[in-house]
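Visitor: the following comprises the amino acid sequence and a computationally predicted model.
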Amino acid sequence: MSENDKKKQSFQDNSDVSSEKSSKDDNKNEQDDISVEKKLKDTEDKLLRSLAEIENQRRRFEKEIKDAFEFGSFNFAKESLAILDNLQRAKEAIKNDNVLKNNKDLDKFIENINIIEKDLINIFQRNNIKKIDALEKKFNPNLHQAMNEVENNEVEPGTVVNEIQSGYMLGERLLRPALVGVAKGNNLKKHEKKEK
């Protein structure tokens with residue numbers, strides 16, 4: 001082999017090595033690009049997840065703050081109902097007491113109790129505490145607590161016929177269920193309907 005041939009061969013070998021190197025570099029660059037793109041996509045995904053989590057947490061905190069304002073007085077309101085109950089019981093006891101019935105100042109005393117009762121009810125209403133209307137309504141276990149069943153053929157079975165203790169709502173939340181007596185159907189009428 002001549003000197004020129006050797007040089008040509010060497011040049012060709014170098015060229016092959018160079019093209020292999022270039023090909024490897026291209027592959028490496030493509031892999032780097034893919035890996036950079038993948039890393040960028042992963043980072044973007046993590047960022048979006050973090051933003052979504054922060055937004056969910058913000059909404060949760062807003063709801064907790066709103067609930068604290070609306071229902072922060074829940075226990076106080078529930079315990080305050082005892083004052084109204086006791087006032088109403090006292091008024092009834094005074095009205096039914098035979099000794100006090102003959103007292104000339106009884107009407108004035110009851111009038112004063114009525115004023116206090118109305119003021120207390122107005123305070124409750126201003127603070128979104130409302131009495132549950134139970135009488136002659138269909139029994140609702142979410143609002144009423146049945147204390148007894150009463151035979152009553154004049155109303156449909158399951159209807160509230162008497163109220164032992166008033167129930168109250170604080171906004172949309174049950175503060176205290178109404179304690180009620182519920183009508184039960186007359187078994188004779190049921191059998192008569194089945195036979196006909």
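Guide: Great, that's in hand.
Visitor: okay, now the unreliable bits of the protein?
Guide: 1-33, 70-71, 186-196 (pLDDT under 70).
Visitor: next helix or strand past the host helix or strand of residue 55?
Guide: Using DSSP states H and E, residue 55 falls within helix 3-71. Next helix or strand after helix 3-71 toward the C-terminus (DSSP H and E): helix 74-96.
Visitor: so how far is residue 131 from the residue nearest in space to the middle of the chain?
Guide: By CA atoms, centre = their mean, the chain has its centre lying nearest to residue 173, at 8.1 Å. Note on residue 173: its distance to residue 131, by CB to CB, to the nearest Å, is 14 Å. To be clear about C-beta, it is placed using only N, CA and C from the backbone, and glycine gets the same treatment.
Visitor: then residue 181?
Guide: Distance, residue 181 to residue 131, using CB to CB: 17 Å.
Visitor: now do residue 183
Guide: Remark: distance between residue 183 and residue 131 (CB to CB) = 21 Å.
Visitor: which of those two has more neighbours?
Guide: residue 183 (21 against 17; other CB atoms under 10 Å).
Visitor: once you drop chain neighbours, what's closest to that one?
Guide: Once flanking residues are discounted, residue 183 sits nearest to residue 152: 4.1 Å by CB to CB, 6 or more residues apart in numbering.
Visitor: just grab the bridge partners of the residue nearest to the centre of the chain for me.
Guide: Taking DSSP bridges as the rule, residue 173 bridges to residue 170.
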